[in-house]
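>>> here is my input; please provide its structure:
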Amino acid sequence: MVATNSIKLLAPDIHRNLAELVSKRLSMPLTPCKLKRDSNNEITFSIGESVRDQDIFIITQIGSGNVNNKVLELLIMINACKTASARRITAIIPNFPYARQDRKDKSRAPITAKLVADMLTTSGCDHVITMDLHASQIQGFFDIPVDNLYAEPSVIRYIQNNYMKNQQDIIMISPDAGGAKRAASLADRLDLNFALIHKERAKANEVSRMVLVGDVTNKICIIVDDMADTCGTLAKAAEVLLEHGASKVLAIVTHGLLSGNAINNINNSKLDKVVCTNTVPFEEKMEICSKLDTIDVSGVLAEAIRRLHNGESISYLFKNYPL
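Take a look at the predicted model:
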């Protein structure tokens with residue numbers, strides 16, 4: 001149980017779907033707040049009730065659309081709570097922005113993930129909860145605690161409920177070498193085999209060649225990844241797998257950014273289905289793409305909030321789906 005007299009849930013006015021699901025699971029309402037833009041696009045924010053000495057959790061989905069505006073909105077919300085004498089402020093950012101810019105990959109390039117971490121800390125944030133960071137070392141960019149939750153228990157539950165009737169016909173696929181650990185972990189927990197696709201990029205978001213390592217003949221291939229952006233890689237991976245005898249190909253990703261031509265790429269691809277968690281809102285895109293499906297992670301986030309507020313360990317959620 002959560003002591004509702006000492007905790008507040010806040011969310012921006014837009015993309016509140018995930019926050020509302022979390023609120024429902026915790027049986028507590030979202031705190032009324034108002035965020036709007038003035039005529040010159042400056043952001044005005046106000047909280048509708050006192051947050052003095054409260055444990056604040058700000059739930060936001062800033063991984064798609066105008067990311068920069070959403071980041072600034074979050075910083076302003078955090079600072080508003082800080083100056084209103086909140087006891088502790090936790091930012092729940094399921095899809096951490098700029099996570100792919102976690103290192104200097106060329107001369108004179110910024111490490112923007114570190115910059116975002118610094119801004120969150122400076123604005124007054126005391127704790128960050130995120131999910132499936134693109135690079136785990138981003139946790140070290142912060143001077144405050146960071147809990148990186150995993151979508152793996154939710155993905156396992158989805159696969160067990162939908163595809164485990166013929167276990168011998170399923171194989172897990174990693175779309176690149178970097179995701180091999182993720183695919184191997186899922187395969188081990190589900191007692192499945194896994195294969196790897198090695199890809200060579202001509203430039204960012206453009207794959208020039210793919211090589212399959214493993215046997216997928218007459219198998220249902222489940223590609224697992226942490227992020228789907230334009231979905232060009234997933235579409236090409238599906239072609240490669242089917243060329244090597246796969247019977248069906250679907251993809252399960254944590255963060256469905258689905259930007260650019262992603263919907264066209266999915267609709268025109270040989271993918272049977274693309275399943276994303278609701279860390280990033282894509283309800284409107286589901287209406288124009290019948291191949292999209294969703295995994296709800298609000299239960300994981302709600303349980304993380306409950307455990308953090310009550311001073312309990314969160315590590316249980318790393319491998320287990322909340323009851």
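>>> and the gap between residue 74 and residue 239?
39 Å (C-beta to C-beta, to the nearest Å). Placement of C-beta: from N, CA and C, glycine included.
>>> now do residue 207, the pLDDT please.
Here, the pLDDT recorded for residue 207 equals 58.
>>> domain parsing of this structure, as residue ranges.
What automatic domain parsing lists as the domains of the chain is 4-150+298-318, 152-295.
>>> how about CSV for these, with mean neighbour count added?
Conversion of the domains of the chain to CSV gives the following (neighbours: other C-beta atoms under 10 Å):
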stretch, mean neighbour count
domain 4-150+298-318, 17
domain 152-295, 18
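>>> show me where the protein has its helices.
17-26, 67-83, 112-123, 152-162, 180-190, 232-243, 262-267, 283-286, 298-310 (DSSP state H).
>>> which residues does the closest residue to residue 294 other than its chain neighbours bridge with?
Leaving aside its chain neighbours, residue 294 sits nearest to residue 278 (5.4 Å; criterion: C-beta to C-beta, 6 or more residues apart in numbering). With DSSP bridges as the criterion, the beta-bridge partners of residue 278 are residue 255.
>>> does residue 278 really touch residue 292, like I thought?
No - between residue 278 and residue 292 there is no contact under C-beta atoms under 8 Å: 11.3 Å.
>>> isn't residue 183 up against residue 194?
Yes - assessed by C-beta under 8 Å, residue 183 is found in contact with residue 194 at 4.8 Å.
>>> so what sits against both of those two?
172, 173, 174 (C-beta atoms under 8 Å, 6 or more residues apart in numbering).
>>> would you turn these into TSV with distance to residue 106?
Shown next, in TSV, are those (distance: C-beta to C-beta, whole Å):
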residue	distance to residue 106
172	33
173	30
174	26
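>>> among the residues you listed, which one lies nearest to residue 94?
Within the shared contacts of residue 183 and residue 194, the smallest distance to residue 94 is 22.0 Å, found for residue 174 (C-beta to C-beta).
>>> quick one: that closest one from residue 164, how far?
For residue 174 relative to residue 164 (C-beta to C-beta), the value is 19 Å.
>>> next one: residue 276
Taking C-beta to C-beta as the measure, residue 276 falls 20 Å from residue 164.
>>> give the contact list for residue 225.
Applying C-beta under 8 Å, 6+ apart, the residues near residue 225 are 174, 175, 179, 182, 234, 251, 252, 253, 254.
>>> isn't the fifth one up against residue 273?
By that I understand residue 234. No - Residue 234 is beyond contact range of residue 273, at 10.8 Å (criterion: C-beta under 8 Å).
>>> common neighbours of these two, please.
With C-beta under 8 Å, 6+ apart as the test, residue 234 and residue 273 both reach residue 251.
>>> hang on, isn't residue 127 packed against residue 305?
No - counting by C-beta under 8 Å, residue 127 does not reach residue 305; the two are 10.7 Å apart.
>>> mutual contacts of those two, please.
Common contact partners of residue 127 and residue 305 (C-beta under 8 Å, 6+ apart): residue 90.
>>> can you pull the contacts of the closest residue to residue 321 other than its chain neighbours?
Take residue 321 and drop its neighbours on the chain: the residue closest to it by C-beta to C-beta, 6+ apart is residue 153, 4.1 Å away. By C-beta under 8 Å, 6+ apart, the contact list for residue 153 reads 300, 317, 319, 320, 321.
>>> from the chain's centre, how far out does stretch 289-306 sit?
Put simply, stretch 289-306 sits 9 Å off its chain's centre (C-alpha atoms, centre = their mean, to the nearest Å).
>>> endpoint to endpoint, it covers what distance?
Its first and final residues considered, stretch 289-306 spans 35 Å by C-alpha to C-alpha, to the nearest Å.
>>> go on, stretch 288-300?
With C-alpha to C-alpha as the measure, what separates the two termini of stretch 288-300 is 28 Å.
>>> perfect, I'm done here.
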